[in-house]
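*Asks:* I'll drop the sequence and a predicted model, then ask my questions.
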Amino acid sequence: MRCAFAAALPAWQGVLEFEVSESASVADVLALARDRLQVIAPEALDDAAWRDGATGIFGVACERSQALRSGDRVELYLPLSVDPKEARRARARAR
């Protein structure tokens with residue numbers, strides 16, 4: 001079945017497509033993405049998100065053990081650098 005991987009890392013942003021087995025999990029697609037990025041953008045593999053970052057399928061958070069369905073897009077999320085609520089409060093105070 002076909003699945004995709006998407007991420008917006010500091011060193012690489014994009015979508016990769018893979019053909020995976022029917023029993024593939026999020027972790028399997030992450031491993032395939034790491035293998036491909038090792039060739040095309042090795043600096044992207046330095047990000048800590050690969051070890052402990054949140055993952056999701058089409059914007060819905062999931063565990064790395066989550067089984068995939070055909071057409072799923074696995075996403076790797078980076079932690080927020082600024083709390084959105086605090087940023088909004090700071091803008092309001094500045095006005």
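*Replies:* Yes, it's here. Model, not experiment: these values are computed from the prediction. Numbering: from 1, shown residues only.
*Asks:* If we go by neighbour counts, what in stretch 68-84 is buried?
*Replies:* Residues of stretch 68-84 classed as buried: L68, D72, R73, V74, E75, L76 (neighbour count, 16 or more other CB atoms under 10 Å). Where C-beta positions appear, they are placed from N, C-alpha and C, glycine not excepted.
*Asks:* now, which of the residues you listed lie within strands?
*Replies:* Residues of those located in strands (DSSP state E): R73, V74, E75, L76.
*Asks:* gap between the residue nearest in space to the middle of the chain and R93?
*Replies:* For the chain, the residue nearest the mean C-alpha position is L76 (1.1 Å; CA atoms, centre = their mean). As judged by CB to CB, to the nearest Å, L76 and R93 stand 34 Å apart.
*Asks:* what do you get for R73?
*Replies:* 38 Å.
*Asks:* A6 now?
*Replies:* Separation of A6 from R93 (CB to CB): 35 Å.
*Asks:* and what of L30?
*Replies:* From L30 over to R93 (counting by CB to CB), the distance is 40 Å.
*Asks:* neighbour count winner among these two?
*Replies:* The neighbour count for L30 versus R93, taken as other CB atoms under 10 Å, is higher for L30 (18 against 7).
*Asks:* my guess is the more buried one is in a helix, correct?
*Replies:* Yes - counting by DSSP: H, G, I helix; E, B strand; the rest coil, L30 is part of a helix.
*Asks:* That one contacts L76, correct?
*Replies:* Yes - using CB atoms under 8 Å, L30 is in contact with L76, at 7.0 Å.
*Asks:* now the residue nearest to the centre of the chain, which residues is it bridged with?
*Replies:* Under DSSP bridges, the beta-bridge partners of L76 are A7, T55.
*Asks:* Report the contact partners of P42.
*Replies:* Not one residue lies near P42 by CB atoms under 8 Å, 6 or more residues apart in numbering.
*Asks:* one more time with 10 Å, if that's ok
*Replies:* A11, W12, R34 (CB atoms under 10 Å, 6 or more residues apart in numbering).
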